[in-house]
Every structure is written in structure tokens, then in C-alpha cells.
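Colleague: Need a 3D model of the following:
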Amino acid sequence: MTLTHKTRVDLDPRNKDYAIFLPSISSFYNIFISKQVAENYVPADRIPAEFENGIEGMNFLNKEEGYFHYSHALYSAGHAQLDLKKSWVQEEMIQQRNRAGTFILGDSGGFQIGKGVINFDWQHFWEKQGDAGYVGAADKTRMAILNWLEFTADYSMTLDLPTWSAAPINQARTGLKDFGDCLRGTLFNNDFFLKHRQGKTKFLNVLQGGNNVDADIWYDAVKAYPFEGWAMGGNNMKDVDLMLRRLIKLRDDKLLEPGRDVIHFLGTSKLELACILTAVQRNLREHVNPNMKVTFDCASPFLATAFGQVYTQHVHQNDRFSYLMTKAIDNKALAGSKLPWAWNSPIGERLTMGDVCHYAPGMLNKMNKEAKTSWDSFSYFLMMGHNVYQHIESVQRANALTDVACAIHQPDPSAWSKGKKGSGELSEWVPRNVIYMNELINRVFTSETPFTELDKARDLLANVNGVHTLKSSANSLNNSALFGLDEPEVDEAGDIFASPDTAEECESLLEGML
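Modeller: From the prediction side, this is the model:
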């Protein structure tokens, strides 16, 4: 069969000097690509006819063969193969990538430890080698994670204990009683990593704190560690006022100098934030550290498929920035159909509806039962690839439109007022708050009195945080409309996937399909 010419897209040049979105690669997605290399995991007759590079074309880290190319991603120890010999084969997409042309940020898996996905000996958490009766099981897990991060990643997160680890629902398992225990445990893990690291990966010092007081205490406790960058968690990334104050404090404490070249913002999919972080990166590069890289991650493009969701289009208008996702077409009548896949991407234009809707009426699945859905596990993999492209494209388009709007408009952040819905808009394509925030960030990083600039913009910052006053943000554990709130159902923008608990549930559902 002669293949028709299909588009291949390199997304890296389009990223320009934007803050870099890191797709948080699902282990489900990695397995299909890696196992195909080792054992022809996907039967030849199941591979779409227009996949000229086979399954490897879905590997966006592969610049030569990928149907689209994007060189940056995050991968987590939380669902990884920690045996390094097995990881080399089973996680081939990550481990055998072109190291010179890609960037992988390693997540240490603290969430999965706190939730019990990774078994951890909490009873012996505090023991040290040389103690009487030393068991070493907790240290064995720490060492396995540390070794995997050094084997895998260019930069990695330290092994923090998020403050929810001490919530009443988790106390029986973890033994952690309060914020202080989480902080002390993180310091304990930091000391272990510092003592045993081999220097094969650079570490980001994780900042946590569910309210601003706790976030300040955490920062003061960890800031002296000689790690190579920062990871913003808790209110350090949920409260934009605290975020900017923290960055200025880091700058003034000389903790953003060359050698500390990466700042990562944990787990957000919001397009508004993508544009705000671009302004942060540009100002840090111009005024503080020319090597600074600002990154942020989410797993939404992968996890959406667990709910049968597919990215359909983007909305970039002054009343909303959003990627739209909805229930994908799932109908056994389309099995074998040559009709084209309905939504555009370099993956989508290579698909037919029959590639995704695989099971015909009466066909049995791998459990030897007739499936309720027309999708097999490979269908989910195909939709993931499409979703990743759509997500990255939407982030880049939001940044491009923001650049245009900010070249035209530089409004005074202190003059911001809420007004009536739809009033006071500056651009047809970009929400006014994004334009105001870009100007505020420019002023903060060039002012002799940056905190005064923030004080004058309190109304704007509160509105961006989705609250009436900044005091509400400072005291909140889950404060920001900008970063998404847990919802019982998937909305069209998929904000539910910003919830770590939902993300873990989706990952488990996907792994159960393999």
C-alpha cells in the first residue's frame, strides 16, 4: 500500500522563549512505545495504515521519526519501573531517548508514597544507618527512587512530603500528625539525597505550604540546601501574589543565580498561567539569570482518555482561554470504517474512525468477553497522542496571542477594576487579566520597590486568584480559580485532572487496561 503524504510538525521552534509546558507522560503511553521496540507489542494489523513510522511515530521525543516532535516532558517515579535494568527496556521511550536533544524532569513520586501506591516503611521512616536495630526498608525505597532519578532525568524533584500527608485520612498509614512532621520528613529526605546523590541529575528544591504562613516557614527551612533549582508547590503556585513575592525573595536572597537554572510549577493546565509564567521567565532571564528555564506540567492530555475525553478545539478569546474536550466517538458500527478521524493533529490526520473504534458487534476483548465499548487499550493510546499535540499547540497559541496583545496594551495594574462582565476588555483574543498580569510582572522585576507594586495591584491579584481579597488566598488550602478546583464531572476544559487524586485514579484505570 502506498502511504499518502502526511504532516510532520516540530513544535520546539514554535515554543520560542515561552515558559515550557511539560506533558507528564503516562506510564500507559510509555508502555506502548517501549514494548513495541522490544517485542512488537501491537499486532501489525492493528497499526493504522497511515503510520509510516509505525508506533515509534507516536514517540514525540524522537525528532527523526515522531509524527510531531516536542523535546520536553516530565516522567514520575510514582508509576515507574525502579529496577534500572528493567527500566532501560520497559521505559525505552524515556531511557533511550537522545539525551542531548531532550529534557526530562523526574518527579520523585512523593504523592504515590503518601497515597501508598509506592510501598514505604513509615514505621522506620526516621531511622538512620548505624542506629541500633536498623531495618533499612525506608532507606531502600529512598535509594531506589534516588537511583532511578539519576538514571533517568536531567532535573529531578527532591522527595518532599506534601502537607496533605498529615491529613486525618492519611495519619494512620503515614504516622505524620501535622505540617511540622511533613516539613521535618522533607528535610530528612533532603539530607538523604544530599548525602547519597551521584551528581547524574540536578535537583529542584520543592517548596510546599497549604497557606502563606506555612509556605514561608517551609521556605526558610529548606532554602539553604545547595540544590540546582526550585519546584513550586502548595500556595507558592496557587496564590499568584505569593508566587511573585517568593520569586523576588529568591532573587534578593541570591538563590536564582546561574547554577540554579530551573523553576518548575507543579501540576497545572491553565492557559492563563502559561502566559504569566512566560512573563516570569523573560524577566528572570533579562534581569537575574540568562539561563533560567521556567517549566510547568500536567497530565491532562493523557488522563482525559480514561474518561473517554478527546481534545476537539481551542478557545482563545477575551472571556476565556481553554482547550475543549468532550466525549470521543465510540460506536461499534464504525469498526473497520475508513472515514477520517474527525479532529486535527498530526496523529489525527493519520487515523480513521475504524482505527479508534476497533471492536465490532460480537467481537471479544482480551478477557474473552464482548466489550461494551468499541475501544481497545490501543484506542486510548492513539487518542493520547492526539491530545498531547492539541494541548501543546493551545499553550503556544495562547502565548503568541498574548504577545500581540501586550505589544499593543500596557495597562496600569493598580488601575485595574472588576467592572461588569465583558467590560473593559483590551483584546478580542486575550483575557484582560492576562494582559494586566504581564504588565505587573514587568514592573515588579524592574522596580526598586517590587512589593509596593504588588501591594498596589491587590485587587487584580485577588481576582486572578478567584477570591474577593488576598487574605482569602493566603489562608486557603485550595484557593485559586486560576489553577482549577476539583469537580465531580469532567467539564469541557478538563480542569478536574488538576486534582492529584483524580489523576491517580485515572492512571490506575489506564494501567488496568493493559
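Colleague: Going along the chain, name the strands of the stretch 151-300 of the chain.
Modeller: 155-157, 202-207, 229-232, 262-265, 293-298 (DSSP state E, counting those that start in this stretch).
Colleague: Contacts for the last one next, please.
Modeller: Defining contact as C-beta atoms under 8 Å, 6 or more residues apart in numbering, one finds that strand 293-298 is touched by 19-24, 72, 74, 105, 261-269, 273-274, 277-278, 280-281, 284, 497-498. The way it works is simple: take the backbone N, C-alpha and C, and place the C-beta from them, glycine included.
Colleague: could you give the mean pLDDT of it?
Modeller: Per-residue pLDDT over strand 293-298 has a mean of 96.
Colleague: now the angle from it to strand 202-207?
Modeller: Taking axes from the mean of the first three to the mean of the last three C-alpha atoms, to 10 degrees, one finds that strand 293-298 is oriented at 70 degrees with respect to strand 202-207.
Colleague: what's in contact with the following helix or strand past strand 293-298?
Modeller: Following strand 293-298 in sequence order, the next helix or strand is helix 300-303 (DSSP states H and E). For helix 300-303, contacts defined as C-beta under 8 Å, 6+ apart pick out 23-26, 28-29, 269, 311, 384, 387-388, 390-391, 494, 497-498, 502-503, 506-507, 510.
Colleague: please redo it, this time with the cut-off set to 7 Å
Modeller: 23, 26, 29, 269, 311, 384, 387-388, 391, 494, 497, 503, 506-507 (C-beta atoms under 7 Å, 6 or more residues apart in numbering).
Colleague: now stretch 336-352
Modeller: 6-9, 48, 50-51, 67-68, 310, 312, 329, 353-354, 356-357, 360, 382, 385-386, 389-390.
Colleague: now stretch 381-395
Modeller: Residues outside stretch 381-395 that contact it (C-beta under 7 Å, 6+ apart): 11, 21, 23, 26, 29, 32, 58, 60, 68, 70, 271, 274, 300-302, 304-305, 310-311, 314, 323, 328, 343, 345-348, 351, 355-356.
Colleague: so how far is that stretch from its chain's centroid?
Modeller: Chain-centre distance of stretch 381-395: 13 Å, with C-alpha atoms, centre = their mean, to the nearest Å.
Colleague: Same check on stretch 115-123?
Modeller: Stretch 115-123 sits 23 Å away from the centroid of its parent chain (C-alpha atoms, centre = their mean).
Colleague: Check stretch 374-382 too.
Modeller: Centroid displacement of stretch 374-382 relative to its chain, using C-alpha atoms, centre = their mean, is 23 Å.
Colleague: could you dump it to PDB, C-alpha only?
Modeller: Taking Å, rounded to 0.1, in the frame of the first residue of the first chain, the C-alpha atoms of stretch 374-382 are listed here in PDB:
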ATOM      1  CA  SER A 374     -15.700  -0.100  20.600                       C
ATOM      2  CA  TRP A 375     -12.300   1.000  22.000                       C
ATOM      3  CA  ASP A 376      -9.500  -1.300  22.900                       C
ATOM      4  CA  SER A 377      -6.500  -0.200  25.000                       C
ATOM      5  CA  PHE A 378      -4.700   0.800  21.800                       C
ATOM      6  CA  SER A 379      -7.500   3.200  21.000                       C
ATOM      7  CA  TYR A 380      -6.800   5.100  24.200                       C
ATOM      8  CA  PHE A 381      -3.100   5.300  23.300                       C
ATOM      9  CA  LEU A 382      -4.000   6.800  19.900                       C
END
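Colleague: Let's test this: mean pLDDT of that stretch, rounded?
Modeller: Rounded mean pLDDT across stretch 374-382 is 95.
Colleague: If we go by neighbour counts, what in that stretch is buried?
Modeller: Buried residues in stretch 374-382, counted by 16 or more other C-beta atoms under 10 Å: Ser374, Trp375, Asp376, Ser377, Phe378, Ser379, Tyr380, Phe381, Leu382.
Colleague: hang on, the fifth one packs against Asp45?
Modeller: No: using C-beta atoms under 7 Å, Phe378 and Asp45 do not qualify as a contacting pair, with a distance of 11.4 Å.
Colleague: neighbours of Tyr41, just the number please.
Modeller: Other residues near Tyr41 number 16, with proximity taken as other C-beta atoms under 10 Å.
Colleague: hang on, Ile104 in a strand?
Modeller: Yes: Ile104 forms part of a strand when assessed by DSSP: H, G, I helix; E, B strand; the rest coil.
Colleague: Could you find the closest non-adjacent residue to it?
Modeller: Ala153 (4.9 Å; C-beta to C-beta, 6 or more residues apart in numbering).
Colleague: so that neighbour makes contact with Gly106?
Modeller: Yes: with contact defined as C-beta under 7 Å, Ala153 counts as touching Gly106 (3.0 Å).
Colleague: would you list the contacts of helix 300-303 in TSV and tack on neighbour count?
Modeller: Converted to TSV, the contacts of helix 300-303 look like this (neighbours: other C-beta atoms under 10 Å):
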residue	neighbour count
Pro23	24
Ser26	27
Tyr29	24
Ser269	26
Tyr311	26
Met384	26
Asn387	28
Val388	26
His391	24
Gly494	26
Phe497	27
Ala503	23
Cys506	23
Glu507	23
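Colleague: which SS class is His316?
Modeller: What three-state DSSP gives for His316 is strand.
Colleague: Near it, how many residues? Count them for me, please.
Modeller: Using other C-beta under 10 Å, His316 has 20 other residues around it.
Colleague: if I look at it, how far off is Gln123?
Modeller: Distance of His316 to Gln123, computed by C-beta to C-beta, to the nearest Å: 52 Å.
Colleague: what does Leu242 give?
Modeller: The gap separating Leu242 from Gln123 is 35 Å, by C-beta to C-beta.
Colleague: more crowded one of those two?
Modeller: Neighbours per residue (other C-beta under 10 Å) separate Leu242 from Gln123, with Leu242 holding more: 27 against 11.
Colleague: Please determine how far Asp216 is located from Glu64.
Modeller: Distance, Asp216 to Glu64, using C-beta to C-beta: 48 Å.
Colleague: When these two are compared, which one has more neighbours?
Modeller: Using other C-beta under 10 Å as the criterion, Asp216 and Glu64 rank with Asp216 on top: 18 against 10.
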